[in-house]
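Student: here is my input, please return the structure:
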Amino acid sequence: MKKILFSIFAICTLQLSAQKTINIFNNTKYNLHNALMGADQTNSNCYPSLFGVSNTPVPSGGAVSYTGYYNNSPNPSIPTWSVTLAVNNVSNMPTNSPVLTPLGMATDWMMNKFFLSDPNGATIPYNNETIGTIGCGLPIITEIHPTPSIPYPFNAFWFVVGGQTYFNIEDK
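Tutor: From the prediction side, this is the model:
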């Protein structure tokens, strides 16, 4: 009986630990707008994949962590996820859909399509970018830095440590 209970506990623990976290840090003077994607990157088509947009930016100096897609309650939350299970099989699911739990265990954070906005309304050039794995089987973009041809107003970093994904953006 103890072996059965231990097995059930181990399976539950592994399933909970499979739900990965992304930690986002905004160390700029701007508001950070995030559009996050998670996918099964072990196959050539990245299915299933999930895409969610936060309606509220992370303010200057702010941070947010998302532990999966289901009932993500941090502020800013992501209220709806566009879920792609296969070609022509796309549906929008609210964050409280129970379908998101098993998808969280079968996928990992893949990328962030982000942009910055000035709290005072000024235009920010060169700030609409993507970091992470921008397509299945493609190399990961771990850093974005200003160059003479693209003078980004920021430096950005994406990395994974201990099963958690980190995205940090800071003023250049």
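Student: is residue 95 in contact with residue 80, as I believe?
Tutor: Yes. Residue 95 is within contact range of residue 80, at 6.9 Å (criterion: CB atoms under 8 Å). In short, each C-beta sits where N, CA and C put it, glycine included.
Student: tell me the helices in this protein, going along the chain?
Tutor: All helices of the chain, identified by DSSP state H, fall at 2-18, 100-106.
Student: lowest mean pLDDT across the ones you listed, which one is that?
Tutor: If you rank the helices of the chain by mean pLDDT, helix 2-18 sits at the bottom with a mean of 39.
Student: point to the helix or strand of this structure where mean pLDDT is at its lowest.
Tutor: The least trusted helix or strand in the chain, going by mean pLDDT, DSSP states H and E, turns out to be helix 2-18, with a mean of 39.
Student: specify the beta-bridge partners of the spatially most central residue of the chain.
Tutor: With distances taken as CA atoms, centre = their mean, the residue of the chain nearest its centroid is residue 36 (3.9 Å). With DSSP bridges applied, the residues forming beta bridges to residue 36 are residue 52, residue 112.
Student: one more: residue 156?
Tutor: Residue 156 has these beta-bridge partners by DSSP bridges: residue 144, residue 169.
Student: who's in contact with it?
Tutor: If a contact means CB atoms under 8 Å, 6 or more residues apart in numbering, then residue 156 has 114, 129, 131, 143, 144, 167, 168, 169, 170 as its contacts.
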